[in-house]
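[1] curious how this folds, go ahead:
(one chain, ligands or ions: 2)
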Amino acid sequence: MTQRPAKMVPAKIINVLGATGSIGMSSLDLIAKYPDQFSVQILAAHNNADALADLAERFKPAHVVITGADGYEQLKSRLADSGVVIHQGMDALLDLLMLDCDLTINGISGVAGLLPSLKVLEQGGTCAIANKESLVAAGAILMDTCRKYGGTILPTDSEHNAIFQVWSKPHHHAIKDITLTASGGPFLHATKAEIAAATVGQALRHPNWQMGRKISIDSATMMNKGLEVIEACVLFDLPEHKVNVVVHPQSIIHGLVNYADGSMLAQLGPADMRVPLSYVLAWPDRLPWAEQSIDLTAIGALDFMGLDHERFPAVGLARQAWNMGGLAPAILNAANEVAVAAFLDQKIGFTDIIAAIDHALSDMPKVAMVSTASALSDISLDHILATDLETKIRISSWLEERR
Ligand code: NDP
Ligand code: MG
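    Ligands and ions are numbered 1, 2, ... in the order given. Take a look at the predicted model:
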């Protein structure tokens, strides 16, 4: 019997934004394993022209974009005669995102990732959003845009990707609530005094995950989990009280869906972002890239504990911001971004981060408050971007005055 030739499937066209970061590099690591399945169209980064040029030489995208002010000339000389077209600035990136594409992975850090996701969704495209800050600051706008233009958002943050994997659509009506796990970060067992004295080096040392600097600090304060509670409310259209958080130091279970019949469906995997990234790259299929499954007998036991709100007030603050509604989540996110940057620059102490967010919410301009989270859809993009900027200026000066 003659064998039928294998059906040729065209390579998926992929854009990787935040290509030089932890999410970008993990995505490209997977893409490199399957050169016949994926073809890179755009690689974008902010400042790191050298790393971007290295990636361009390796992945031969049609376009590279440096969104920051520097690095364009460096890219031009590094990539002369390569055939890669070089661009500079966020506007150039937004124009390029109008090109046809199968998947855009958004691994930009901070609210700077908002406009690129919106642009992809406005084209009816598919966006794998790791960039949680945009979902926190402008969740309703992203979801509305996605619905309006027939786009697709693939949850990419590990916990949300876990929920996405075990969320059974036919049983939607029987979903009671969901649970996000938290490793507890580097200060899980630290006293309040030790947390107050935390250095940048200590805060960056995450026990389980290798990540960029901003999210590593978010994990240490546990504001990462706070942002993720809001991210889950947005992505899965749930009220805040249906998003539970449980501390699970091994980071093997990433998320669970709790059904009304008493079943809990969980997704397990190593603490490696390539697991959720491979899911979004291959979606709705799966990539057979993982050489080994996790060895449960080697792990032995999985531990779970409640969150200590006394030492880690961040999740409570995020829940409060979500329930305040209006621009409060955008304010929480902006205050966090500016305070984390100040901590990384060694200008403020570790606990000043949470103090700054607390202050930002309690000193919030009255106009920023709308009674319910659902009223978020009445808020314009310009309003959110202006509030982000205003909060960053307000909280920077507040932190400056306290020094
Ligand atoms: P990194 O700091 O490692 O990388 C950030 C990337 O974004 C870099 O490529 C950087 O470019 C680019 N970038 C930074 N600022 C801007 C800007 N203003 N405009 C455009 N591009 C910019 O971050 P991570 O990869 O760790 O995180 C990225 C996002 O994914 C965050 O929102 C984070 O919360 C989320 N996430 C990350 C996880 C992880 O494991 N790392 C897990 C789950 C979610 P350059 O290098 O040139 O500065
Ligand atoms: Mg996460």
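[2] what's the separation between residue 95 and ligand 2?
    Relative to ligand 2, residue 95 is positioned 31 Å away (Cβ to the ion, to the nearest Å). Yep, even glycine has a C-beta here, placed from its N, CA and C like the rest.
[3] residue 151 now?
    22 Å.
[4] wait, what's in contact with residue 93?
    17, 42, 44, 65, 67, 87, 116 (Cβ atoms under 8 Å, 6 or more residues apart in numbering).
[5] and the fourth one, that's in a helix?
    So the one you mean is residue 65. No - assessed with DSSP: H, G, I helix; E, B strand; the rest coil, residue 65 is strand; it does not lie in a helix.
[6] tell me the pLDDT at it?
    pLDDT, residue 65: 98.
[7] number the chain from 20, please
    Understood, numbering begins at 20; the last thing we discussed is residue 84.
[8] leaving out the residues flanking it, which one is nearest to the residue in the stretch 120-269 of the chain that ligand 2 sits nearest to?
    In the stretch 120-269 of the chain, no residue comes nearer to ligand 2 than residue 176, which is 4.2 Å away by Cβ to the ion. Leaving out its chain neighbours, the residue that sits closest to residue 176 by Cβ to Cβ, 6 or more residues apart in numbering is residue 151, at 5.5 Å.
[9] close enough to count as contact, that neighbour and residue 246?
    Yes - with contact defined as Cβ atoms under 8 Å, residue 151 and residue 246 form a contacting pair (5.2 Å).
[10] picking that back up, quick one, phi psi at the residue of the stretch 120-269 of the chain closest to ligand 2?
    The phi/psi pair for residue 176 (degrees, to the nearest 10) reads phi -50, psi 140.
[11] what is the burial count for it?
    Residues lying near residue 176 (other Cβ atoms under 10 Å) number 27.
[12] ok, it touching residue 247?
    Yes - at 6.4 Å, residue 176 and residue 247 qualify as touching, with contact defined as Cβ under 8 Å.
[13] next, show the common contact partners of those two.
    residue 151.
[14] what's the pLDDT at the residue of the stretch 120-269 of the chain closest to ligand 2?
    Looking at residue 176, the pLDDT reads 98.
[15] how about the one 5 residues further on?
    Reading off the confidence values, residue 181 has pLDDT 98.
[16] with adjacent residues omitted, what lies nearest to it?
    residue 274 (3.2 Å).
[17] quick one: that neighbour from ligand 1, how far?
    From residue 274 across to ligand 1, the span is 12 Å (Cβ to the nearest ligand atom, to the nearest Å).
[18] residue 130 too?
    Applying Cβ to the nearest ligand atom, the value for residue 130 to ligand 1 is 9 Å.
[19] just to check, that residue is in contact with residue 156?
    Yes - counting by Cβ under 8 Å, residue 156 is a contact partner of residue 130 at 5.1 Å.
[20] contacts only, for the spatially closest residue to residue 158 that is not a sequence neighbour.
    Spatial nearest neighbour of residue 158, excluding adjacent residues (Cβ to Cβ, 6+ apart): residue 253 at 3.2 Å. Residues in contact with residue 253, defined by Cβ under 8 Å, 6+ apart, are 154-155, 158-159, 161-162.
[21] helices - which of those land there?
    154-155, 158-159, 161-162 (DSSP state H).
[22] report the buried residues of stretch 164-183.
    164-165, 170, 172-183 (16 or more other Cβ atoms under 10 Å).
[23] quick one: that stretch near ligand 1?
    Yes - on the criterion Cβ under 6 Å from any ligand atom, stretch 164-183 is in touch with ligand 1 at 176-177.
[24] on that earlier part again, give me the more crowded residue out of residue 130 and residue 156.
    residue 156 (28 against 22).
[25] from ligand 1, how far off is that one?
    11 Å.
[26] thinking again about what came up before, so what pairs up with the residue nearest to residue 181 in the strands?
    On the basis of DSSP bridges, residue 274 is bridged to residue 199, residue 286.
[27] output stretch 239-253 as CSV, nothing but the C-alphas.
    The C-alpha trace of stretch 239-253 is given here as CSV (Å, rounded to 0.1, in the frame of the first residue of the first chain):
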residue,chain,number,x,y,z
ALA,A,239,7.9,39.2,46.6
THR,A,240,5.3,41.7,47.7
MET,A,241,2.6,39.3,46.5
MET,A,242,1.1,42.1,44.4
ASN,A,243,1.6,39.7,41.6
LYS,A,244,-1.2,37.6,43.0
GLY,A,245,-3.3,40.7,43.6
LEU,A,246,-2.9,41.7,39.9
GLU,A,247,-3.7,38.1,39.0
VAL,A,248,-7.0,38.2,41.0
ILE,A,249,-8.1,41.2,38.9
GLU,A,250,-6.7,39.6,35.7
ALA,A,251,-8.9,36.5,36.5
CYS,A,252,-12.0,38.6,37.1
VAL,A,253,-11.5,40.2,33.7
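[28] is any part of it close to ligand 1?
    No - Stretch 239-253 is not in contact with ligand 1 by Cβ under 6 Å from any ligand atom; minimum separation 7.1 Å.
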